[in-house]
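Chemist: predicted model, plus sequence, below.
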Amino acid sequence: MRKVVTLVTVGLTVAAVVKELRKPEDERTWNGTVAMVVPYDFRFPTMARIRERVWNPESDHFLGPRVVGVGWTVNVGKVVAVVREKLAAEGEANGGA
């Protein structure tokens, strides 16, 4: 199974790079989607983009595009926010916070 995932990842990465290289040089953004749903981003990462994708408790989504590469990453900020909300709700339901 690991080999299949690696093969698919490599294939999607190659497809994304080819997609960008087929564009005129001034139209290349190095981010977008491949296979109509899989996000990719090959731009140099910024702190703002890292925070947006890895620690964004205000987001509506648990998964988002990777900071660099092809595929998705977990929005840890959203996960932590939801866990905190559940724990707070359980604490209130049990008679205290």
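Modeler: Alright, I've got the coordinates.
Chemist: residue boundaries of the helices in this structure?
Modeler: Here the chain has its helices, by DSSP state H, at 2-21, 47-54, 76-93.
Chemist: how about the helix-or-strand element of the chain with minimal mean pLDDT: buried residues?
Modeler: In the chain, no helix or strand scores lower on mean pLDDT, DSSP states H and E than helix 76-93, which sits at a mean of 92. The neighbour-count check on helix 76-93 (16 or more other C-beta atoms under 10 Å) flags 77-78, 81 as buried. In this view, the C-beta of every residue, glycine as well, is placed from N, C-alpha and C.
Chemist: now do that helix: distance to the chain's middle.
Modeler: Averaged C-alpha coordinates place helix 76-93 at 22 Å from its chain's average position (C-alpha atoms, centre = their mean, to the nearest Å).
Chemist: just the C-alphas of that helix, formatted as PDB.
Modeler: C-alpha atoms of helix 76-93 as PDB (Å, rounded to 0.1, in the frame of the first residue of the first chain):
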ATOM      1  CA  VAL A  76      -4.000  21.500  13.800                       C
ATOM      2  CA  GLY A  77      -5.400  24.800  15.000                       C
ATOM      3  CA  LYS A  78      -8.900  23.800  14.100                       C
ATOM      4  CA  VAL A  79      -8.500  20.300  15.700                       C
ATOM      5  CA  VAL A  80      -7.300  21.900  18.900                       C
ATOM      6  CA  ALA A  81     -10.200  24.500  18.900                       C
ATOM      7  CA  VAL A  82     -12.800  21.700  18.400                       C
ATOM      8  CA  VAL A  83     -11.300  19.600  21.200                       C
ATOM      9  CA  ARG A  84     -11.200  22.500  23.600                       C
ATOM     10  CA  GLU A  85     -14.900  23.300  22.800                       C
ATOM     11  CA  LYS A  86     -15.900  19.600  23.400                       C
ATOM     12  CA  LEU A  87     -13.900  19.500  26.700                       C
ATOM     13  CA  ALA A  88     -15.500  22.800  27.800                       C
ATOM     14  CA  ALA A  89     -19.000  21.500  26.900                       C
ATOM     15  CA  GLU A  90     -18.400  18.300  28.800                       C
ATOM     16  CA  GLY A  91     -17.100  20.200  31.800                       C
ATOM     17  CA  GLU A  92     -20.200  22.400  31.800                       C
ATOM     18  CA  ALA A  93     -22.400  19.300  31.400                       C
END
